[in-house]
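[1] sharing a model prediction with you, sequence too.
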Amino acid sequence: MKDTTKPKTWEDLAGWFTFPRLYTALAKAIPEDGIFVEVGVYQGKSLAYFLAECHKLGKRPQIYAVDHFKGEDNEHFADVTSGKLDLRKQFEENMQACGFRENVDYSVIVSDSDTAADVFKDAFIDAGFIDACHEFDNVMADVLAWEPKVKRDGFLGGHDFQAESVRCALDEALPSARFAGEMCWKDSARTLI
């Protein structure tokens, strides 16, 4: 029997995604041969949106999804550590349901943020978006790890600007970070968007 299930879209996926205008602008601005890294992908909602936007524009930049898939110390952490929830598997199932395939549309780096950043040379990435743990020390580490990896004419931004821990970490690690709308921040010293 033929599977007649309607393919999913990013809207069908679990997670938090408040920045479609920003990702639409990034999809338009990123070079055709550009490199985009999303740090903290959870179940893939925002990444699926970005991929869909790139595909609509006929673009196929190199896209990297970075996550340790262990969850954070919140309601998901217990489910992940007990084995009730496999975030990596759920991410892959979601991306496939939306029609995207690993190693064709995107690559996954299963790692903590600092270690994943070491994979890339300095000033190599066209756009990086940080939406991992929002604790002060984690945000500091993420920004310090990824800031040198993004080109000067690229884009570096992230989510949850409204969180005091995020703003405080940005004030210290990246003073040029500014509110970019949709609960996001961006490094105003970079010019891609």
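    Right, received. Where do you want to start?

[2] all contacts plus neighbour counts: C-alpha atoms, from now on.
    Will do.

[3] could you say which helix or strand contains the most centrally placed residue in the chain?
    For the chain, the residue lying nearest the average C-alpha position, counting by CA atoms, centre = their mean, turns out to be E38 (2.4 Å). In this structure, E38 sits in strand 35-39 according to DSSP states H and E.

[4] quick check: next helix or strand after the least confident helix or strand in the chain by mean pLDDT?
    Across the helices and strands of the chain, mean confidence by mean pLDDT, DSSP states H and E is lowest for helix 75-82: a mean of 62. For helix 75-82, the succeeding helix or strand toward the C-terminus, using DSSP H and E, is helix 87-97.

[5] can I get the strand holding E38 in PDB, CA atoms only?
    Presented in PDB, the C-alpha positions along strand 35-39 are these (Å, rounded to 0.1, in the frame of the first residue of the first chain):
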ATOM      1  CA  ILE A  35      28.400  28.000   4.900                       C
ATOM      2  CA  PHE A  36      25.700  28.200   7.600                       C
ATOM      3  CA  VAL A  37      25.900  26.700  11.100                       C
ATOM      4  CA  GLU A  38      23.000  26.400  13.500                       C
ATOM      5  CA  VAL A  39      24.200  25.600  17.100                       C
END
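
[6] helices or strands up against that strand?
    Based on contacts counted as 3 or more CA pairs under 8 Å, 6 or more residues apart in numbering; DSSP states H and E, the elements that strand 35-39 packs against are strand 62-67, strand 125-130.

[7] ok and it relative to strand 62-67, angle-wise?
    Here strand 35-39 points in a direction 10 degrees away from that of strand 62-67 (axes from the mean of the first three to the mean of the last three CA atoms, to 10 degrees).

[8] surely D33 is in contact with I63?
    No - in this structure, D33 is not within contact of I63 by CA atoms under 8 Å, at 10.2 Å.

[9] which strands and helices sit next to whichever strand in the chain runs longest?
    The strand that spans the most residues within the chain, counting by DSSP state E, is strand 150-159. Using 3+ CA pairs under 8 Å, 6+ apart as the contact criterion, the elements in contact with strand 150-159 are strand 125-130, strand 184-187.

[10] buried residues in the next helix-or-strand element following the longest one?
    Put plainly, it is strand 125-130. Following the chain from strand 125-130 toward its C-terminal end, the next helix or strand by DSSP H and E is helix 136-146. Buried residues in helix 136-146, counting neighbours by 16 or more other CA atoms under 10 Å, are found at 136, 138-140, 142-146.

[11] looking at those residues, spot the one nearest H55.
    Within the set of the buried residues of helix 136-146, W146 lies nearest H55; the separation is 25.7 Å, counting by CA to CA.

[12] count of neighbours near the residue nearest to that closest one when sequence neighbours are not counted?
    Computed as CA to CA, 6 or more residues apart in numbering, the closest residue to W146 that is not its neighbour in sequence is A117, at 6.0 Å. Applying other CA atoms under 10 Å, we find 22 residues neighbouring A117.
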